[in-house]
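Visitor: Got a sequence here, can you build the structure:
(one chain, ligands or ions: 1)
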Amino acid sequence: MIEIKHVSKVYGGTHKAVDDLCLEIPSGEIIGFIGPNGAGKTTTIKMMTGVLQIDEGEIYLNGKSITSDTLEAKKQFGIVPDNADIFLRLKGIEYLNFIADIYQIDSALRKERIEHYAKMLEMEAALNDKILSYSHGMRQKIVIMGVLICEPSIWILDEPLTGLDPQSAFSLKELMREHARKGNTVFFSTHVLETAEKLCDKVVIINKGKVLFYGTLDALKAQYQNFDSLESIFLEVVSHA
Ligand SMILES: Nc1ncnc2c1ncn2[C@@H]1O[C@H](COP(=O)(O)OP(=O)(O)OP(=O)(O)O)[C@@H](O)[C@H]1O
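Guide: Below is the predicted model:
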């Protein structure tokens, strides 16, 4: 479960990127975080994960405060950031072992999980190459594997499907569904409304740092019955920010 309580973030002293945001993301559901460019999605995710300091408010991950109980809070989640260009000088397998060491995953279990997810995401042949040599999609997949092998209860994913080939995108969506089915939390940002419609239990629509809608897509469609597509509903909702 993720609780975001009256959270704000100001850049440069004047630009309020996130404005008194309140959200309760339950366990057992996939929540899509949708909004136009510059809406405040990445800023919110960076505050949830302790990358950016929160100016006002508080965020709890499975009840642990990211501000005052940071280490315990960080043990609750895995993050796939919007930019997967990390640890470029490591080989894929070195990166995965590094992450597994941090999360204290024993060697037999990590071997089993690495083999399983490498096969699923078609990364077996690339594990002994440096991340520097990977394509954008492969970098994305090695970061996703780093999250999967540690099995944190909360997954936070910033546009995880961007750049993935259809087979890998399909596999990741199945993994997200399975993770939520087991009672875990999946929170991911996307620009692709069709993905949100097929995958999410609920969506959060954000613009100018404020939540404009939070609920099921059925509830959203019921509220905007006169609009004939999800795209037109989305444009109508964000126009009122
Ligand atoms: N480091 C920064 N310094 C100053 N302003 C920033 C910084 N990072 C983001 N912003 C501004 O804060 C606002 C929210 O940006 P953010 O990256 O959170 O949006 P986003 O919803 O993730 O957008 P996108 O969909 O384009 O990735 C934007 O107006 C952006 O220009």
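Visitor: buried stuff in stretch 202-216?
Guide: Within stretch 202-216, the residues that qualify as buried are 202-214, counting by 16 or more other CB atoms under 10 Å. (Glycine included, C-beta is placed from N, CA and C.)
Visitor: How about that stretch and the ligand, any contact?
Guide: No - using CB under 6 Å from any ligand atom, stretch 202-216 never reaches the ligand; the gap is at least 7.0 Å.
Visitor: swap in stretch 7-21?
Guide: Yes - in terms of CB under 6 Å from any ligand atom, part of stretch 7-21 sits within range of the ligand, namely Y11, G12, H15, A17.
Visitor: of those, buried ones?
Guide: Buried among the residues of stretch 7-21 next to the ligand (16+ other CB under 10 Å): A17.
Visitor: and the residues of stretch 7-21 next to the ligand, which two are the farthest apart?
Guide: Using CB to CB, the residues of stretch 7-21 next to the ligand span at most 9.7 Å, a distance reached by G12 and A17.
Visitor: Just confirm K5 is within a strand.
Guide: Yes - judged by DSSP: H, G, I helix; E, B strand; the rest coil, K5 forms part of a strand.
Visitor: quick one: contacts for the most centrally placed residue in the chain?
Guide: The residue lying closest to the centre of the chain (CA atoms, centre = their mean) is L157, at 1.6 Å. Going by CB atoms under 8 Å, 6 or more residues apart in numbering, L157 touches I79, V80, M176, V186, F187, F188, S189.
Visitor: Filter the residues you listed down to the ones in helices?
Guide: M176 (DSSP state H).
Visitor: I45: which of the contacts of L157 is nearest?
Guide: Closest to I45, out of all of the contacts of L157 and judged by CB to CB, is S189, at 6.6 Å.
Visitor: I'd say that closest one and I34 touch.
Guide: Yes - S189 is within contact range of I34, at 7.3 Å (criterion: CB atoms under 8 Å).
Visitor: returning to what we had before: dump the residues of stretch 7-21 next to the ligand to a markdown table, plus secondary structure and pLDDT.
Guide: What follows is the residues of stretch 7-21 next to the ligand, written out as a markdown table (DSSP: H, G, I helix; E, B strand; the rest coil; pLDDT from 0 to 100):
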| residue | secondary structure | pLDDT |
| --- | --- | --- |
| Y11 | strand | 95 |
| G12 | coil | 91 |
| H15 | strand | 93 |
| A17 | strand | 97 |
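Visitor: what about the residue lying closest to S168 once chain neighbours are set aside, how many neighbours?
Guide: Spatial nearest neighbour of S168, chain neighbours left out: L121 (5.3 Å); criterion: CB to CB, 6 or more residues apart in numbering. L121 has 24 neighbouring residues, counting by other CB atoms under 10 Å.
Visitor: One more: F188?
Guide: Neighbour tally, F188, other CB under 10 Å: 25.
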